[in-house]
Each structure stands twice: as C-alpha cells, then as structure tokens.
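Undergrad: Please work out how this folds:
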Amino acid sequence: MANEKKREGFGSRLGFILVSAGCAIGIGNVWKFPYLCGKYGGAAFILIYLLFLLILGIPVMVCEFAIGRASQRSAALAFEKLEPAGTNWHRLKFISIVGCYMLMMYYTTVAGWMLSYCFRNIRGDFAGATADTIRSEFSGMLSHAPSMTFWTILVCLIGFAVCYFGIQNGIERVSKFMMTALLILMFILAVHSVFLNGAGAGIRFYLIPSASTIRSAGIGTVIFAAMSQAFFTLSIGIGAMLIFGSYLGKDRSLTGEAVTVTALDTLVALMAGFIIIPACFAFGVEPDAGPSLIFLTIPNIFSQMKGGQIWGALFFVFLSFAALTTVIAVFENIIAFDMDLFGWSRKKSVLISACLVIALSLPCVFGYNIWSGFMPLGKGTAVLDLEDFIVSNNLLPLGSLAFVLFCTNARGWGWQRFLAEADAGDGMKFPKQFRWYFTFGLPLVIVIIYLKGYYDIFSKMGTAVLTGWMIFACLLLLFIFWCAFGRSRKLLEK
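TA: Numbers count the residues shown, from 1 in each chain. Okay, the predicted model is just below:
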C-alpha cells in the first residue's frame, strides 16, 4: 500500500521548528494579540497570556506531536493506528479533516486580502490617503468579487505549488526563507516603530503592568481573553501540528520542541505589539480597534508616516508571509489526508486538493458581495464569520479535548505510552508529576473555553436562542466523551 512506503521527514531540526512555528504564526498573532493587549491593559494581559500558554497551549501541542510521531500518520489515520481494539477514537478523525478544510475555506480569502494590500502598498495606493479613502478602499475590495477571487486563487496556487515539491524540497525550504524574512522584517518594523515621536507612551503601556486597567475591564474578562488567545494562537486541535510530528525523528523530546515552537510564536506576537502599539500612540490612534486594525487603522498610520509607502509595503509583505506559512502548513495536512486514506501519490493529492480547496473558498469570497445579504450569525456577519465560528468555537476546542483525553486516558492511547513517546530523545521531559492536572484539569479548562465561546456569541440573541445553542454544544461534548469512554458494538459482542 502507498501509505506503507517510507515516510518523508524533515532535513533538519531547524526546518521542523520553523515549519511548525509557521503553522502556529498567523494573522491572529498580528492583529488579535496587539488588539487584546490594547483592550485589556497591555503588559498585564501579556503576563496572564504567557501563563496560559505554559499550562494550556504547550501540553496540547505535545499531545499532537506525540500522536503524530508515534503513529507516523496524519490525523486521518493516527487514531486507527494507536487506539485499543474495539474503541471509537477513530470516529474523531473527522474533526481534524473537516477542521483543516474549513479553516482554509476562509483563511485563503483573508490571506488574499494580505497579498492585495501588499501589492497596493507597493504601488502607493495609500500614500497620503485620508481615513475615509482608506475605509472606502477596503469596502471596495470586499465588494469586488472578481478581484477577491483572483487573490484567493493565487494564495491557493502558491500554497499547493510549494507542497507539490514535498517536505524538504518544498515546505521546509520555503518556510525557512519566509520565516527568516518574517523575523527580519518584524525586527526592522519594530525598531522603526519604537523610535517614532510619541511612541514612549505606547512602550510604557505595553511593558509596564497596570492593575487598574485589569480592574476596569474586569478580571474575569481579562483572564478568559488571555486563556482563549493562548489556546487559539497555536493552531492546536485540528491535527495541524500532528502531521509535523509524524515527519519527526526520535532524537529530540517533544516537550522541548513544543516549548521552542511556542516561544517563537510568542516572539512574533510580542514583536507585532511593538510594531503596532507604539505607532498607534505616536499618531493618536486607539490600539483596540479590533479586526479593522490591519486594514483600516494601520494603513491610516502609514499614510501619515514619513516614508509610509515603504513601511506599509514591508508591513504587508511580513503579513503575507505570516499568512502563507499557515496556509502551506494546513495544505500539507489536507494532502496527507488523501495520501493516507486513499493511497494517492503526492502529485495526485495536490492536484485534486487544489481544485477542491479553491471551490470551497469561493463562498467566503462571495459572502462580501454576491451573497452579502446572507448574515448567518446575525446582522453584520458574513460567511467568514460562520466558518470561523465552526472552526474556532467548535473544532479547535473539541479536537484539543479529544487529543488530551486520548493521551491521558486508559481507554485511549494511555498516559504511559504518551509519556514514553513525548520523552523519547534528548531535551526537556514532560512534567509527569502533574498527571492529575493533565488528566482532569486540562480537559475541564478546554470545556470551559468551549462553552464560554458559545455563551459570548449567543447570549446577545435572547434566552431561547442561547438555550438552544448551548444544548447543541453539550450534545457535541457528549459525542466526544462517548467516543472516549464508550465501547463499540464490536467489542460488546465479544
């Protein structure tokens, strides 16, 4: 069988780290992290966020890496390879399969926006533009279906072209270049930003914790925001990291690698804050502008800045690299699904997957123009919001819960097998003294994040709507726990 052939692997440890970090580093690091810092008190928020990365994000990432390396398969077959006979874990593979496809159904569109803005900044479209002009340019881009379709398809073609050449010659080589260029560009932009006139207030806001800002926002709100960002920033839960574990050798322990990837992801988020927040303070712009920060606020800042055309172009080149590294990483998951499930060659999987992903990306594109009247989650929402809700509020937390339960539960892969895989090789070992937390506390935290996400979205729509959706959320949870703790009919018959 094709899936029994010698598996591809990374050419170097650096390649694995940069590819995995590239998957984790995305648009959320650039706009969402600085926005949350601006909204919830700068440095105080950062400290809480770092704590949750340590106790929440890294353990789930280690679980994904361990399952991937032990199974030598993608998420499409990893559970089948490792699960005890007669259990239902394999049913949960569809979370990863659907999650990767669904993520790319809208992430390719947003990445297309980045490429479009990169091109426009290089061309000088925003040089000296007013805030109203910048706002109308963004609205015009969204409403123009042919242009949006072009940039989305271009993202797909670039991503699948890289994957076509395999792990070492394609993904690893290109990711090394993009990640290196990304870090260099971020450093240049951050240095420029912190030396702007008036940036000092932004630096102080960003680096000096303030308890008063936390109290004004509400300590519970700030903690949950930090917890959610730590959870979602690492792209954990849909097997996106699992695949790279399957290409990894046994010479390094997985906890150390997860810490390194997380540190690189956090460095990019922190540097993004150094780029955006001091610049906002320097030009009198609020740093808590939310999703509009990238496409409305930031171009407005660069339009006022000396040499703004150059700095704006560099900023969106960096953003494009951040988006494309994630796209390439998730495309590799989709390709690996086909290779594992159907025994296809890489070439065949690339060609078929490219056509499928391009077609599936079009509803998100049309949601801002042709289908703009469709508002699935209430007034002002679009197809993208629905797709993001399915991924961020459902598949990521549910998938993470499944991976953690599988690694820690005796009816799954089991704690001892997980520990042996995670600790194989040189480097940091997994803290086994916290077994109780990883077995019970971590799943509870994930469930809380999952249910709180539903509450935040639907509580504004009335009690009846909220109750209905919360029942639906609980049914999905019950399905996860049934797969984890239930017995299959085949086993019962024995």
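
Undergrad: got any ranges where this protein has weak pLDDT?
TA: Within the chain, the segments meeting pLDDT under 70 span 1-6, 287-292, 487-494.

Undergrad: Distance check, residue 286 against residue 357.
TA: 36 Å (Cβ to Cβ, to the nearest Å). Quick note: C-beta positions are derived from backbone N, CA and C, even for glycine.

Undergrad: What of residue 434?
TA: Separation of residue 434 from residue 357 (Cβ to Cβ) stands at 39 Å.

Undergrad: ok, the two, which is more surrounded?
TA: residue 357 (24 against 13; other Cβ atoms under 10 Å).

Undergrad: Helix, strand or coil: sort out that one for me.
TA: Three-state call for residue 357 (DSSP: H, G, I helix; E, B strand; the rest coil): helix.

Undergrad: where's it relative to residue 345, distance?
TA: Residue 357 sits 18 Å away from residue 345, taking Cβ to Cβ as the criterion.

Undergrad: cool, and residue 195?
TA: From residue 195 over to residue 345 (counting by Cβ to Cβ), the distance is 52 Å.

Undergrad: got it, and residue 233?
TA: Remark: distance between residue 233 and residue 345 (Cβ to Cβ) = 34 Å.

Undergrad: More neighbours: which of these two?
TA: Neighbour totals were compared for residue 233 and residue 345, and residue 233 leads with 23 against 11 (other Cβ under 10 Å).

Undergrad: just checking, that one touches residue 269?
TA: Yes - between residue 233 and residue 269 there is a contact at 6.8 Å, judged by Cβ atoms under 8 Å.

Undergrad: Show me whatever sits in contact with both of the two.
TA: The contact sets of residue 233 and residue 269 overlap at 29, 33 (Cβ atoms under 8 Å, 6 or more residues apart in numbering).

Undergrad: For residue 356, which residues are in contact?
TA: Contacts of residue 356 (Cβ under 8 Å, 6+ apart): residue 101.

Undergrad: Other residues contacting the helix or strand harbouring residue 481?
TA: Per DSSP states H and E, residue 481 falls inside helix 463-485. Helix 463-485 has contacts (Cβ under 8 Å, 6+ apart) with 87-89, 91-92, 394, 398, 401-402, 405-406, 409, 411-412, 447, 450-451, 454-455, 457-459.

Undergrad: hmm, 6 Å instead?
TA: Helix 463-485 is touched from outside by 88, 91, 92, 398, 401, 402, 405, 454, 458, 459, with contacts defined as Cβ atoms under 6 Å, 6 or more residues apart in numbering.

Undergrad: Check stretch 450-460 too.
TA: Stretch 450-460 has contacts (Cβ under 6 Å, 6+ apart) with 393, 397, 465, 466, 469, 470, 473.

Undergrad: Can you give the distance from stretch 203-213 to the centre of its chain?
TA: Offset of stretch 203-213 from its chain centre (Cα atoms, centre = their mean, to the nearest Å): 27 Å.

Undergrad: Which positions in that stretch come out as buried?
TA: By neighbour count on 16 or more other Cβ atoms under 10 Å, the buried set for stretch 203-213 is 203, 205, 206, 213.

Undergrad: In three-state terms, how would the residue nearest the centre of the chain be classified?
TA: The centre of the chain sits closest to residue 235, judged by Cα atoms, centre = their mean, with a distance of 3.5 Å. Under the three-state scheme (three-state DSSP), residue 235 adopts coil.

Undergrad: Phi first, then psi, for residue 252.
TA: Backbone torsions of residue 252, given as degrees, to the nearest 10, read phi -130, psi 140.

Undergrad: Return the residues in contact with it.
TA: Residue 252 makes contact with 425, 426, 427 under the criterion Cβ under 6 Å, 6+ apart.

Undergrad: From these, list the buried ones, please.
TA: With neighbours counted by 16+ other Cβ under 10 Å, the contacts of residue 252 contain buried members at residue 425.

Undergrad: By residue count, what's the longest helix in this protein?
TA: Ranked by residue count under DSSP state H, the longest helix found in the chain is helix 308-342.

Undergrad: how many other residues sit next to the nearest residue to residue 327 once chain neighbours are set aside?
TA: Once flanking residues are discounted, residue 327 sits nearest to residue 159: 4.4 Å by Cβ to Cβ, 6 or more residues apart in numbering. Counted with other Cβ under 10 Å, the neighbours of residue 159 add up to 29.
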